[in-house]
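K.L.:
Just the structure for this:
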Amino acid sequence: MTLKECYEKLGADYEGVLQRMAGKEALVQRFALKFLKDTSYSDLKNALTDEDYENAFRASHTLKGVASNLGFVKIVDSAHSLTEQLRGGSKPENDNDFTELSAAYEETIAMLSALEQ
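P.N.:
Coordinates of the predicted model:
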């Protein structure tokens, strides 16, 4: 699978991220694969489990920013809603946004892992 095919399968913004990285596909791939090691999602999950909503907000906001820079639209969209619910250290109204975010994250990780191999 090529990087472009990976992005297409994820419904991600390949052209936008390619443009942001000066048209260098190797650079896009390098940073996209670094996402596999990003701890923002696990930090978010742990903070929510611990009911530490201030750190959950930070982790969600970081995950949204990293995903946005990489063009991972599904993660950005679902993280946005959760981030806003967590703003100010507030408890989320329900688990729906985190569930949606988890699905988008897991799909992205699976596709990037396949790309890496």
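K.L.:
just checking, residue 108 touches residue 73?
P.N.:
No - using Cβ atoms under 8 Å, residue 108 makes no contact with residue 73, being 10.1 Å away. Any C-beta I mention is one placed from the backbone N, CA and C, and that applies to glycine too.
K.L.:
okay, and the common contacts of those two?
P.N.:
Each of residue 12 lies in contact with both residue 108 and residue 73 under the rule Cβ atoms under 8 Å, 6 or more residues apart in numbering.
K.L.:
Mind checking which of the two has more residues around it?
P.N.:
Ranked by neighbour count (other Cβ atoms under 10 Å), residue 108 and residue 73 place residue 108 first, with 23 against 17.
K.L.:
What lies in contact with the strand or helix carrying the more buried one?
P.N.:
With elements taken from DSSP states H and E, the one containing residue 108 is helix 96-116. For helix 96-116, the surrounding residues in contact (Cβ under 8 Å, 6+ apart) are 1, 3, 6, 9-10, 12, 29, 32-33, 35-36, 41, 44-45, 48, 60, 63, 67, 72, 74-75, 77-79, 81-82, 85, 92.
K.L.:
Skipping adjacent residues, who's closest to residue 63 in space?
P.N.:
residue 40 (3.8 Å; Cβ to Cβ, 6 or more residues apart in numbering).
K.L.:
quick one: contacts for that neighbour?
P.N.:
59-60, 62-63, 66.
K.L.:
if you set the cut-off to 10 Å instead, what comes out?
P.N.:
58-67, 75, 79, 105 (Cβ atoms under 10 Å, 6 or more residues apart in numbering).
K.L.:
didn't residue 13 look like it was pressed against residue 21?
P.N.:
No - taking contacts as Cβ atoms under 10 Å, residue 13 lies outside contact range of residue 21: 11.9 Å.
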